[in-house]
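1. Sequence first, predicted model second:
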Amino acid sequence: DLAGSERATSTGATGDTLTEGSNINKSLTTLGMCLSRLAEVASSNSKSAGHVPFRDSQLTWLLHDSLGGNSKTAMLANISPADINFEET
């Protein structure tokens, strides 16, 4: 669930809710950076291809054992057909 991915103006979020949405977006951005870096490492067949920023967010720090190493990870995307979400999708 990408709970923080919607635009703040369309939700009318303010205060703590807006801050929470912002933090969720930061964590999801960091997750994307980690996945990109892991893909680069896998495609280069070198473990020293670069630093994977697992410690940049709590989400990626909690998932680092599942994302790195000898594990296989599957991601599911729930895409909204609504017109209002077209740019987000």
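-> That came through fine.
2. buried residues in the helix ranked longest in the chain?
-> Ordering each helix of the chain by length in residues (DSSP state H) puts helix 15-44 first. Across helix 15-44, burial judged by 16 or more other CB atoms under 10 Å covers 21, 24-25, 27-28, 30-31, 33-34, 37-38, 41. Quick note: C-beta positions are derived from backbone N, CA and C, even for glycine.
3. wait, which of those is closest to Asp56?
-> Thr30 (4.6 Å; CB to CB).
4. Near the residue lying closest to the closest one once chain neighbours are set aside, how many other residues are there?
-> Leaving aside its sequence neighbours, Thr30 sits nearest to Ser57 (CB to CB, 6 or more residues apart in numbering; 4.1 Å). Using other CB atoms under 10 Å, Ser57 has 20 other residues around it.
5. got the contact list for Ser57?
-> 26-27, 30-31 (CB atoms under 8 Å, 6 or more residues apart in numbering).
6. Report the two of these separated the most.
-> Of all pairs in the contacts of Ser57, the most separated under CB to CB is Lys26 and Leu31 at 9.8 Å.
7. Quick check, pLDDT for the nearest residue to Met75 once chain neighbours are set aside.
-> Spatially, and ignoring its direct neighbours in sequence, Met75 is nearest to Leu35 (7.9 Å; CB to CB, 6+ apart). Looking at Leu35, its pLDDT stands at 85.
8. State the distance from Leu35 to Phe86.
-> Using CB to CB, to the nearest Å, Leu35 is found at 24 Å from Phe86.
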